[in-house]
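In: give me a model of this one.
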Amino acid sequence: MLMPSIFGENLFDDFFNDFARPVRFTNSTNYMMKTDVKETENGYELDIDLPGYKKEDIKAELKDGYMTISAQSSKNEDEKDKDGKYIRRERYYGNCSRTFYVGDDVTQEDIKAKFEDGILKIAVPKKEAKPQVEEKKFINIEG
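Out: Below you'll find the model as predicted:
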């Protein structure tokens, strides 16, 4: 039976696909690591959404002035009936990361991070670049 084109190929495809798949595990990056960046007088505050992750799953690294936040997760949900036969088996393995430039003068000790209620809160201080003082080197002239 042909369906009108407004429904696509199958009227129920989208409904059941969306119903069966939790939002946080979709392949779209629209749901991953949404970040709010707020500038304060002394620095920057980042709020990164990481629902479904545990503190142990999250890593923050600072290298060459770039801070990289990465999260890795794996889920295995098995359900069995009375006889031990699988009714449903679902697995999810994935990781995501984002990188922010924080400046070459910022050190690990300067950055403060806290993970609470699925939100990673990071405070990065503003550091003014130290102007490099030009050193004049004179050659000693004997005579």
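In: drop to CA atoms for contacts and neighbour counts, all remaining ones
Out: Noted.
In: quick one: low-confidence ranges for the protein?
Out: Low-confidence regions of the chain, defined here as pLDDT under 70, cover residues 1-31, 76-82, 84, 87, 89, 129-132, 139, 143.
In: how about the helices in it?
Out: In the chain, the segments counted as helices under DSSP state H are 13-20.
In: which parts of it are strands?
Out: 35-39, 43-49, 58-63, 66-80, 86-101, 112-116, 119-125 (DSSP state E).
In: relative to Glu135, which of these is closest?
Out: Evaluated over those, closeness to Glu135 peaks at strand 58-63, with 28.0 Å, by C-alpha to C-alpha.
In: in its sheet, which strands sit next to the closest one, and in what direction?
Out: Sheet neighbours of strand 58-63, with direction, are listed as strand 66-80 (antiparallel) (DSSP bridges).
In: redo the strands of the chain as CSV? Include mean neighbour count.
Out: As requested, the strands of the chain are exported to CSV (neighbours: other C-alpha atoms under 10 Å):
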stretch, mean neighbour count
strand 35-39, 12
strand 43-49, 17
strand 58-63, 15
strand 66-80, 14
strand 86-101, 11
strand 112-116, 13
strand 119-125, 20
